[in-house]
Each structure stands twice: as C-alpha cells, then as structure tokens.
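> Give me a model of this one.
(2 chains)
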Amino acid sequence: MLNVIIILVNVGFAFFVLKLVGDGFGFLAASFSIVLVVFDIAFLFKRNYPYRWFFPAFAFTFLLAVYPFIYNIYISFTNYSQQHILTKQQAIKRIEMEQFLPKDAVKYNWTAYYSQEQNEYCLLLRPDDGVANTIFACSNEIIDLSEELSDQIQAPNLIAGYSQLSKAEVVQQSAVIGDLTFGDETNRVQILSLREAGAYKQRYTYQLDNDTMLDCKDGISYFAKEGYFTSKDGMILKPGFKVEIGFMNYARLFRAESLKGPLLSMFIWNVLFATLKVIAPFFVGLLVAIVLNNLFPIFKRIIRSSILLPYIIPAFISILIWRGLLNPHLGLVNQMLDFLLGWHPSWFTEPFWTKVALVIISLWLSFPYWVLICTGALQAIPDEVNQAAVVDGASSTQIFYYITLPYILTMMSPLLVFSFANSFNSFNLIYLFNKGGPPMSGSVIPVGHTDILLSYSYRMSFDMGGGDYAYAASITFIIFLILTPVILGQWNYIMKKEEVLS
Amino acid sequence: MELHYEERGSSQLVPLKINADMSNYQILRLLRQISLVVISVIAALFALLPILWVFSSSINPVNTLSDPRIIPQNATLENYINLLLGDKSNFLRWLKNSLLIASTTSLLSTLITSLGAYSLSRYRFKGRKQILTGCLLVQVFPNTLVIVALYLIIHQIGEYIPAAGLNSLGGLVLVYMGGVTGGSMWLTKGFFDSIPAELDDAARIDGASHWITFTKVILPLARPMLAVVALLTFIGVYCDFILARIIIADQQYMTLAVGLFSFIDGAYTQNWGEFAAGALVGAIPVIIIFVFLQDAFVSGITKGAVKG
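Residues are numbered from 1 along each chain as shown, chains lettered A, B, ... in the order given. Got it, this is the predicted structure:
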C-alpha cells in the first residue's frame, strides 16, 4: 500500500517537474524536486520513520515560506514585469503561434455559409483538385467533412445550422467576409478572391542553434536581447520574456536623483513612523497601566475592559473606521474641531496632518496591548523595592523615575525592539488609511508623502499601472537587509530564552 | 487616631507616616485620585468613542458620519438588513469566504503541525534541533516581505492548477499555509511536551502503533490546546489584508478585509451606514474567539513580557 503511494507520488511529481522545466520555470521545478527528494528519503527507508511525520509541514513551509525568500532575491536580479512575465520558452511558444498569409499559400475553393443565430460566417473549403479533404471552417473551429461529403460535388445548402449564401449575397458581403479569418490556431484560412481562399502559415520559427527568431515573411532575424526578440533595426517582437539583468533594479533604486529626493525622505519617514508607532503607544500604555494600578478596584475593572476593546477589533476594521471618523466633510472629529476651534486639519491631503493622523491611529490601535503588558510588568517589580523607597521617603515621582521606569524599560526593551521590526512594515495602516498619499508632486518616482518602503514596493507591483515585479522585489530585499540585524537579535534572544531545544 | 493607609499595587497596604499636617495631605491625596480618574476616563473614552460612533452610524437611517447622539433619531436596522439581505450586497459572500478560508487554513495547518510536532516531541533523531531552529527562523522573517515572490509563484502554479492559482480561494489558502506552519509547530510541540510520555509507553506496551498512539492517545488529550492553536491561526488569517489583496481580484472571491476596503474605497460616503454595520458584524467572529480565549491571551501576553 505504502509502496503504491510512493510510486504514485514520485510519478506525479516527476511529471509536474518535467512540465515546469519545459516551460522554463527552473526554480519552481528545482524546489519541487527538493520536496520530492525529501519525500523519498523519509518514506523509502524505514529508519527515517520520524521524518515522515514531518513531511507535510515541510512541503508547505519549504514551498511557500523558504522558497519564496530565495525566489524573491532571484527576481530582484531579473526584469520580471507585466511586459516580461513569460519565460523565454513560453514567449517562443506564444510568438510561434502567430501566422501570416504567404504568397505561395495552399489554395482552396470556398463556399460561404452564414448563421443568423450565431451571427457567424463559415466557409466550406475544398482543395483545388477535387472533393477529398473537405473542411468546414468557422471563426474558431474546423470540422472535417471529408467523409460526409466525399461523394458530393455540389455544396449542401445547410451545414450544422449554417445556410449557404447565394452568389449575390456573397458579392454584397464580400468586404465583411474578406476581413475575417477562419479556422483554429493551427489552421487558419482567409479568402483571397471570390473563388479562392489561402491557408495561413506559421510566421516565426525559433532557431535553436543561434538563439534567434526567424521571420518567414521577410526573412529578418530577431535576436534575444534584454527580454525581447529584437531585430537589427531595433524592432521587437511581443510578448517579451524574463531574463536576468544583474544589478539594474538596484541601480534604478539607488539612482542619484531618486535617492536624493523622494527615496531618502521616504526612508526617513519609514524609520520615524516605525519608531513613533512603537514609542507613543508604549508610553501612553505605561501611563494608563500605572494609573490603573493605583485606581480603586471596581473602577479599575470597568476602565480596563473598555480599554481592551480596540485590541480585539480586527485592525483592518479599526483603520477603516478611523478613515470615516477623520473624513474631511462628514467625519465626527472635524465637526467637533470646527465647533470647538472653528478650524480643522486636512487629514488626507496635507502631508503633515496625514502623518499626525497615522500616529493617532497607531496609538489607538496598540496602546491597549501595552497597557496589558505593562500591567504585567508592573506586578513583576518586587514590592520590597517600592517599600524600601517609601521608607526612605521617596515621592511618587521619584519612585517612578528611579525605580518603575528603569525596571520597565529593562524588561521591555527586547519587546520594543521587536515591535519596531513589525511596525517598520505597517503596510495595512498606511495603505488602508490613505494609500500612502497624498501624492508627492513633481517627484521623479511615483510616491506618496506617507509611503513606506513596503507600500512603495506594493505600489510598484500591484497598484494601477504597476506590474514592476522585479523592481518591487529589489525594494523588499532592501527592507529585508535593513531589518536583518533587528530580526537576528530577536532570534538570538528567543533562542537564549527558550529551552525547547532540549 | 485613625491609621492611614495608601494603596500600593493590588492588595498591599503600606502604613503612612502620620504627621500633624494631615488635612493638607488629604487634599493632595484627593487631587491625586481625581487626576488618576480623569486620566483613566480619558483613556477609556479615547478607546471607546470610535466604536460607539460606528455603532451609532450603523443604526442611523440618515447616511451621515457625524451624528453626535449615540442613539440617533429614528434608529433602524435598515443598514444591517440591506447589508445582509440586499441583492447588490456582497457582504455575506465576503464573510463566508473569510470564514471558509480561515477555518480551512486553521484546520489543515493544525493537523499538519500536530503531526510534525508529535515527531519533534516524541522522537530523538538527527537534525531535530536544526528543524526546530528552522521553524523559528521561518517564523521571525515576516512573509509580507516576499509578497512579490508569493504572487508570482501562485501565478505560476495557477497555470497548471487554476484552483490553486491567482484569484482563487485555493491559492490564498496555500499562501497562508506556508506562513503559519512554522510558528504553530513550536507552540504545538511545547503542548505535546507537557503530555507525559508514560501515556505513550502504556499505549505502546498494549500493542498500539505510533499512529494509533498519536490518534487515540495524544490527539484527544491535546484537543483543548490544539483548539487554541487553531483559533489563533484563524484570527491571523481572518485579519490578514495584504496577501488576500494581492491574490484576489474578483468581488466574488474577496475576503472580508479586501471587500470592506473596496466598499469604502469606492463609493465612500454613499455606503457609510452599511459600512458601519459591516464593520461591527465583521468583528464579531474575532470578538467571540477572544472571549473564549481571554485567559490564554492575557496570561500569555503578560507571561511573554515578564519572563526573564
């Protein structure tokens, strides 16, 4: 039983991998092969029993967590984009499908048919030399009628619901019919005159020996160059394909003019926002936790549960709610500010106020979390220390500055640093609130004032007019490099703390 | 003479010095208590107002974002009815997609993870430490950083298996499966470690195979803990926006996060009341889970913070 499964899995995977290789997805094929090898190692040998349990988890994690990291780096060195989304093999297949009507085309005699219901013309085609090989070609399919009509010289009046057009009708509609092509992808036909129709031929053929596309129509060769088949005079064949282009994406990212202007300010904002998004909620949370700690119990419980509410509402919903609250025309906040101050900021169009709004929202989103954490941390401060300070006559302010704060900061600093790594990529907040806007006018790259690196990468690859995948991948790789020290620090910390490795 | 106590921490009472100038001290204490109350009330209002306000607009018949009353005039459930039963509304479909994707992912990943975690917890084999380290390493690098690669991989897979490609629920589940397994492995393994190995041994002596031991002894015992892992995964998937946004393009396959965003991003003010209703209904699954897991959540967070 197990053997049958092993064989089936191997055959299935091998088949899929071969197909992937054929279409030029070398990387994906390689990673599937690795999964297959691991499968075989685990299941073919009895002593590898423990690994079998692990296989499904390994397959998913490897294919969709480890491989994407490697692939992302690879992509950043290619020209992968909307115009270059196919592999070379796929592009060749696509280009070779193109057909043209050669001068020396195979000729047919034709009779036209028309169906009112389908509003479609079809041709009954017979070779010049007789009635054998009769075919019936419609706009997208070909029916072989050689056998049915082999003894009939006269074309029938009705075929499959299509009725024959009279001579007069043909002449009348010849302009329309003349523009149409008939048949399927491999066999396409167009009428040449009132009597004759010609068969299309494949236009481009790929020459393996010198890696070129040969145009059979006018004999021009197209060389593979920078993701397109390009002729000597610079004409290109579409679609393009994906090639490695070295550090071009990085060069583009760090181009002098974009680096000086928008990119640098985007980076500064990214760091600033990530810091504020951690620091502001932390201090507010700490304050509230201390206050709650000193409050009488009943009141404390009520306040605490109402503060928890933002924490349990999914963030994507809260951010959208805030978008409504700050709505320039109808939002509650602006109405209240108008009433109190007679003025309100433009939360969505002025860069400064958009940033302020983002900080307020992140404060709202995460201060409950810090209240919870700091409450726990406050309880972890030994009571003797506080009591000793009281006995020594320290005021509550002094206790806060010299005991509570140092204690809390030492305990929290790892957590604060890790939160920074997360908030560095707060895509949801930036994008859901204002899509990175307001847009920077006159910038050399399309970027908004509140864009962070990740939302910029998203903008380049997935927003309207995007599709610049390779460039976007190079940006995310840069983020990865920036965050690696933080993440590795976090990793070391956890490895030291956890004793699960035993 | 009365003895004065000051509250300290949760329960401890510290005797205060008793001096002559008592009234001054009492005023100071009162002021301090008042300021504490004021600060905490402000914090609570800051936390609550947006939610109260959404509730108020969801039952407001007039399509407005700024009615200052919490219960508006002519309060009605019209928005909810339109949202849930309206012909043009996709809300129920989005909610269904979200619930479907989140529960599929959480069930599948919990199953797969518990298999691996059983092996990691019960066997000692070469490479075990490396596998554990690997799980953690995968977990600390956020997969939002490889959205482009994930998009293209799903695109490529979709050319062969459309049901697991772009713009399909299957493709989205695949992406999530890759993201959650590493972290849950660690957690589940810890849970399994807490189940005494003597139970396994007893089963083995009775002639049970590894598989039987796993399904008949370990899984039933670990069910409450596995439920926690599954629910945490559920919340993570339910709340995701960015991955669902890049994989899904069609209205009919959208998850709640993507759907609500398209709702508010497009016809903004026209639909405000319905959006508010949708926001509240959409939050319900997570709130329910939170109520179930409250203790696990709160104690887990505080433990994690204080440790060391």
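> contacts and neighbour counts: CA atoms only from here.
Will do.
> Would you tell me which residues of the stretch 51-200 of chain A are close to chain B?
A:51, A:53-57, A:60-66, A:68-69, A:71-72, A:75 (C-alpha under 8 Å from any C-alpha of the partner chain).
> Need the pLDDT of the residue nearest the centre of chain A.
In chain A, the C-alpha nearest the mean C-alpha coordinate belongs to residue A:462, at 6.1 Å (C-alpha atoms, centre = their mean). What the model reports for residue A:462 is a pLDDT of 88.
> same question, residue A:173
pLDDT at residue A:173 comes out at 82.
> what number of residues lie near it?
Residues near residue A:173, counting by other C-alpha atoms under 10 Å in any protein chain shown, number 12.
> Give the buried residues for the helix or strand hosting it.
According to DSSP states H and E, residue A:173 maps onto helix A:167-179. Residues of helix A:167-179 classed as buried by neighbour count (16 or more other C-alpha atoms under 10 Å in any protein chain shown): A:170, A:177.
> List the neighbouring strands of the following helix or strand past it plus their orientation.
With elements assigned by DSSP H and E, the helix or strand that comes after helix A:167-179 is strand A:182-183. Its sheet considered, strand A:182-183 pairs with strand A:188-191 (antiparallel) by DSSP bridges.
> Give the buried residues for the helix or strand that contains residue A:318.
Residue A:318 belongs to helix A:315-325 when assigned by DSSP H and E. Buried residues in helix A:315-325, counting neighbours by 16+ other C-alpha under 10 Å, are found at A:315, A:316, A:317, A:318, A:319, A:320, A:321, A:322, A:323, A:324, A:325.
> which residues are in contact with it?
A:310, A:331-333, A:361, A:365, A:428-429, A:432-433, B:50, B:54, B:65, B:239-241, B:257, B:261, B:264, B:276, B:279, B:282-283 (C-alpha atoms under 8 Å, 6 or more residues apart in numbering or on different chains).
> So for the helix or strand following it, mean pLDDT?
Going down the chain from helix A:315-325, the next helix or strand is helix A:332-341, by DSSP H and E. Mean per-residue pLDDT for helix A:332-341: 86.
> now do stretch B:266-283
80.
> Dump that stretch to PDB, restricted to CA.
C-alpha atoms of stretch B:266-283 as PDB (Å, rounded to 0.1, in the frame of the first residue of the first chain):
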ATOM      1  CA  GLY B 266     -15.000  53.200  -4.000                       C
ATOM      2  CA  ALA B 267     -18.400  54.600  -3.200                       C
ATOM      3  CA  TYR B 268     -17.300  56.100   0.100                       C
ATOM      4  CA  THR B 269     -20.000  58.300   1.600                       C
ATOM      5  CA  GLN B 270     -22.900  56.700  -0.100                       C
ATOM      6  CA  ASN B 271     -22.500  53.500   1.800                       C
ATOM      7  CA  TRP B 272     -21.400  54.800   5.200                       C
ATOM      8  CA  GLY B 273     -24.200  53.300   7.300                       C
ATOM      9  CA  GLU B 274     -23.800  49.900   5.600                       C
ATOM     10  CA  PHE B 275     -20.100  50.000   6.100                       C
ATOM     11  CA  ALA B 276     -20.500  50.700   9.800                       C
ATOM     12  CA  ALA B 277     -22.900  47.700  10.100                       C
ATOM     13  CA  GLY B 278     -20.400  45.600   8.200                       C
ATOM     14  CA  ALA B 279     -17.500  46.600  10.400                       C
ATOM     15  CA  LEU B 280     -19.400  45.600  13.500                       C
ATOM     16  CA  VAL B 281     -20.700  42.300  12.100                       C
ATOM     17  CA  GLY B 282     -17.200  41.600  10.700                       C
ATOM     18  CA  ALA B 283     -15.600  42.000  14.100                       C
END
